[in-house]
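**Student:** with the input below, show me the fold.
(chains A and B)
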Amino acid sequence: GDSVTQMEGPVTLSEEAFLTINCTYTATGYPSLFWYVQYPGEGLQLLLKATKADDKGSNKGFEATYRKETTSFHLEKGSVQVSDSAVYFCALRPSGGSYIPTFGRGTSLIVHP
Amino acid sequence: EPEVTQTPSHQVTQMGQEVILRCVPISNHLYFYWYRQILGQKVEFLVSFYNNEISEKSEIFDDQFSVERPDGSNFTLKIRSTKLEDSAMYFCASSEGTDRNYGYTFGSGTRLTVV
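**Tutor:** Numbers count the residues shown, from 1 in each chain, chains lettered A, B, ... in the order given. Predicted coordinates for the structure are as follows:
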C-alpha cells in the first residue's frame, strides 16, 4: 500500500538556519503530495502542495518540489524563525481508487533564538 | 478563516466506558474524516463520511467505533467500551471534495486518555 516516510525528529536549529525535512513516498501512479504543519495546541494546517511531477509548492517561505524520479517531496526553508517551531507532516493522496490521504509520522522542528 | 472545531480538547475516561468526540466541520464542506495519532506514531485514517454515510474506513475502524452526523453541523465519533490502546489524539477533518487537489482542514484534536 501507499506509504510516506519522514526523517526522525526533533530537528533543532538556530534562527536563520537553513531547513530541510526529508520526505519520501511509495505509491502507484501520480499521487498529489502535501505538507501540513501543526503548531502547538492547534490542528494540522495545509502548508503547501504539489499535484504533478516537477511541481514546486511554496508558502510562507517554505518550498517543496515533487520529484518523481526519487519519489521525494523534501521541505525546505532558507531561513527559519522561532515561530516556525511546529510539527510538520508529509502526506500523499492517491491518484486513483481511494482518495484517502496517507500521512507520515511528523517531524518536530525546534528553532532556538 | 473558517475552521474545524473539536470538543473537548482533552478527555479522560475509564477503560470500558463509552466516549463521544465531537466535531463541527466547515459549513460548506461535504466530506468529513476522523484520524488518530497514537503518541509518537503516524497519523492514521479511521473513517470518511459523505452524504450521511460512511464512504471508506480503515481496518482500525471496527465495531467499537461509529460515526454520526446528528444534525446539520456536528459530526461525532463514538468509541464504545474504550481500551487502553485507544489513548491517542483524535483529529476531525473536512474537505470540499475528493479531488486530489483538495487539502483537508483539520481541527485541533481531542486528546483521549483511557485509564
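**Student:** pull the contacting residues for residue 56.
**Tutor:** I'll assume chain A. A:Ala50, A:Glu63, A:Ala64, A:Thr65, A:Tyr66 (CB atoms under 8 Å, 6 or more residues apart in numbering or on different chains). Just so you know, the C-beta spots here come from the backbone N, C-alpha and C atoms, and that holds for glycine as well.
**Student:** ah, I was thinking of chain B
**Tutor:** Applying CB under 8 Å, 6+ apart to B:Glu56 gives the contacts A:Ser98, A:Ile100, B:Val47, B:Ser48.
**Student:** of all the residues in stretch A:51-62, which ones are buried?
**Tutor:** A:Thr51, A:Gly57, A:Phe62 (16 or more other CB atoms under 10 Å in any protein chain shown).
**Student:** what is the burial count for the closest residue to the second one other than its chain neighbours?
**Tutor:** With sequence-adjacent residues excluded and distances taken as CB to CB, 6 or more residues apart in numbering or on different chains, A:Gly57 is closest to A:Leu48, at 3.5 Å. Here the number of neighbours of A:Leu48 (other CB atoms under 10 Å in any protein chain shown) works out to 20.
**Student:** who's A:Leu48 bridged to?
**Tutor:** Counting by DSSP bridges, A:Leu48 is bridged to A:Trp35.
**Student:** touching chain A at all, the helix or strand B:Val47 falls within?
**Tutor:** If you go by DSSP states H and E, B:Val47 is part of strand B:43-50. Yes - counting by CB under 8 Å from any CB of the partner chain, chain A is contacted by strand B:43-50 at B:Val43, B:Glu44, B:Phe45, B:Ser48.
**Student:** and the residues you listed, which is closest to chain A?
**Tutor:** B:Val43 (3.8 Å; CB to the nearest CB).
**Student:** dump the residue contacts of the residue nearest to A:Gly57.
**Tutor:** A:Phe34, A:Trp35, A:Gly57, A:Ser58, A:Asn59, A:Phe62, A:Glu63, A:Ala64.
**Student:** same check on A:Leu109?
**Tutor:** A:Gly9, A:Pro10, A:Val11, A:Leu13, A:Leu19, A:Ile21, A:Val80, A:Asp84, A:Ser85, A:Ala86, A:Val87, A:Tyr88.
**Student:** can you tell me how far B:Pro25 sits from B:Gln14?
**Tutor:** For B:Pro25, the distance to B:Gln14 equals 29 Å [CB to CB, to the nearest Å].
**Student:** out of the two, which sits in the more crowded spot?
**Tutor:** Comparing B:Pro25 with B:Gln14 by other CB under 10 Å, the one with more neighbours is B:Pro25, at 26 against 8.
**Student:** residues touching the more buried one, list them.
**Tutor:** Contacts of B:Pro25 by CB under 8 Å, 6+ apart are B:Val4, B:Phe32, B:Ser73, B:Phe75, B:Cys92, B:Ala93, B:Ser94, B:Thr105.
**Student:** quick one: which of those residues sit in helices?
**Tutor:** When these are checked against helices using DSSP state H, none is located there.
**Student:** how about the residues of chain B by chain A?
**Tutor:** Residues of chain B found near chain A (CB under 8 Å from any CB) are B:3-4, B:6, B:33, B:35, B:37, B:40-45, B:48, B:56, B:91, B:93, B:98-101, B:103-109.
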